[in-house]
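Q: Provided below for reference: sequence and predicted model.
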Amino acid sequence: MTLDKFLNKEPLGKENIYQILVVPNITKQRELSKDSYVLVMSNVIKELNKKRKDLFFHMPMPSHCKEFDFPNVKQYIFNTPTFPNSMRSHYDFYFWKTILDNRIMEIDLVFSHLPEQTTNVMNNMINLYSQDAPVIGYSHWIENKENNPNMMVSFYHYNITGMLLMKACGFNTQTQINDTLAEAEQHYSKQTIEKLKGIMRPVYLGFEDDRIRKDVNEIAGPYIVFNHRTHNYRGWDKFLQIIKKLRSKRYDPKTKTTDFRLWLTMADATTSKTKLKSYFDDLSFIKFGGPKDRQEYLDQLHNCVAGFHGGNRWAMSSQDGLGQGVPYVYQIGSETKELFGDLETGFNTVDEAVEHFEHLITSTKWRNEQANLALKHCRKVHSWKNRVREFEKMIDEGLGVIKKDI
């Protein structure tokens, strides 16, 4: 719905309905169905709607998003840059001042997925319309030194000041919170650090219940999938070292082939060619990129023999694979137990990872045992039915609602 049509509508406020304004964080405008913010919020709303009928979400979007076609969602179309860094810096005052007009809609709660824009939104809400709604948030990305070690100018301090306005802000791992606080100690007082500790909390993301496979693919192969961004915080360089060693062990000089192939879902041959050629003299065993349609992407994951997870960061991409019965060779860390459960494929060294991949490739029985463990863990732990509870707690805390047994 366009803003003009919205302005001609009657106010939506009802005494038994809470009006929630959501500040978006869109990094994939051309593929909204694959955008992490869209995946998170569409599933949060879907699961909340099964439990309660008192929430109405107002959602600015760069274009209409079918994933938000719920009866308790209203979309407002506005222009925003497509480049993620530009999107984070862009604030359209003329759009937001109308959305924030409490003569049209009185907002009960702001749910910001873009901490770096939260100060702008709240400043305009209070100073233009004297409307002081509580704020909660979710941090999809923070420009700390780990993620942007060489960036001269970042939004790091905007992230922090935005969070300081919130009652609660979710992160996808406790490790990420700890690292953010450690860096913040270089810039902020002890009092501010203590305040941040009370705001920041781990709120793990989920996987769509209806897309978790009922059975594993017992004849999967030959692809090993790296379905993450090709950055070092996802273990990219370590993964290439592992695959290089695995390939040298399983290379057949007669056929000049290996018994496995590589699928890089978020890489393309043009941008990755130079890096990959420093590891491999032949790139013909590599498949680049993935389908735009999410279900087609999941179907292809279902056919993979194994996946890889590096670092100690939560990854929705790894959840995608687990939900399709893909056993991951994963780097052991303080939070990977939560992500991978009883999988026997954790590693500390390159050689251990190579050994796990070889076992998964050569032993169909063991591979399928690990695949079933992946599915079982996804159903029990990762389903959105379970994960939505922490989002609901944040919403109720923001609204001042006291609920039992959430």
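A: Looks like it came in fine.
Q: test my guess that Thr230 contacts Met266.
A: Yes. Taking contacts as CB atoms under 8 Å, Thr230 lies within contact range of Met266: 6.5 Å. Where C-beta positions appear, they are placed from N, C-alpha and C, glycine not excepted.
Q: gap between Leu164 and Thr118?
A: 9 Å (CB to CB, to the nearest Å).
Q: Pro202 too?
A: Counting by CB to CB, the gap from Pro202 to Thr118 is 20 Å.
Q: and these two? Which one has more around it.
A: Thr118 (24 against 16; other CB atoms under 10 Å).
Q: what does stretch 270-278 rub up against?
A: 230, 240, 264, 283, 286, 288 (CB atoms under 8 Å, 6 or more residues apart in numbering).
Q: can you mark which positions in it are buried?
A: Residues of stretch 270-278 classed as buried: 272, 276 (neighbour count, 16 or more other CB atoms under 10 Å).
Q: what's the answer for stretch 72-87, then?
A: Buried-residue list, stretch 72-87, by 16+ other CB under 10 Å: 72-78, 80, 87.
Q: please apply the same query to stretch 370-386.
A: Applying 16+ other CB under 10 Å to stretch 370-386 flags 370-371, 373-375, 377-379, 381-386 as buried.
Q: stretch 384-404 too?
A: 384-388, 390-399.
Q: just the ones in helices from these, please.
A: If you go by DSSP state H, the buried residues of stretch 384-404 have 384-388, 390-399 in helices.
Q: the buried residues of stretch 370-386 in helices, which ones?
A: 370-371, 373-375, 377, 384-386.
Q: what would those residues look like in CSV with distance to Gly307 and pLDDT?
A: Listed next are these as CSV, based on distance: CB to CB, whole Å; pLDDT from 0 to 100:
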residue, distance to Gly307, pLDDT
Gln370, 11, 98
Ala371, 11, 98
Leu373, 13, 97
Ala374, 9, 97
Leu375, 13, 96
His377, 14, 95
Trp384, 21, 94
Lys385, 24, 92
Asn386, 22, 91
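Q: which of the buried residues of stretch 384-404 lies closest to Gly333?
A: Taking CB to CB as the measure, Gly333 sits nearest to Arg387 out of those, at 20.0 Å.
Q: quick one: residues contacting the closest one.
A: 204-206.
Q: highest neighbour count among these?
A: Result: Gly206 is most packed of the contacts of Arg387 (other CB under 10 Å), 25 neighbours.
Q: contacting residues around it?
A: 43, 319, 382-388.
Q: from Tyr76, how far off is His64?
A: His64 is 10 Å from Tyr76, by CB to CB.
Q: apologies, that question was intended for Gly325.
A: Counting by CB to CB, the gap from Gly325 to Tyr76 is 39 Å.
Q: tell me which element the residue lying closest to Phe347 once chain neighbours are set aside is part of?
A: Using CB to CB, 6 or more residues apart in numbering and skipping residues adjacent in sequence, the residue nearest Phe347 is Ala353, 4.1 Å away. Here Ala353, judged by DSSP states H and E, is contained in helix 350-362.
Q: can you list the buried residues in that helix?
A: 352-357, 359-361.
Q: what about that helix, distance to the chain center?
A: 28 Å (CA atoms, centre = their mean, to the nearest Å).
Q: and for stretch 222-229?
A: From the chain centre to the centre of stretch 222-229 is a distance of 17 Å (CA atoms, centre = their mean).
Q: hmm, who's touching that stretch?
A: 234, 236, 239, 243, 259-267, 287, 290, 301, 303-310, 315, 317-318, 320-321, 326, 357, 361.
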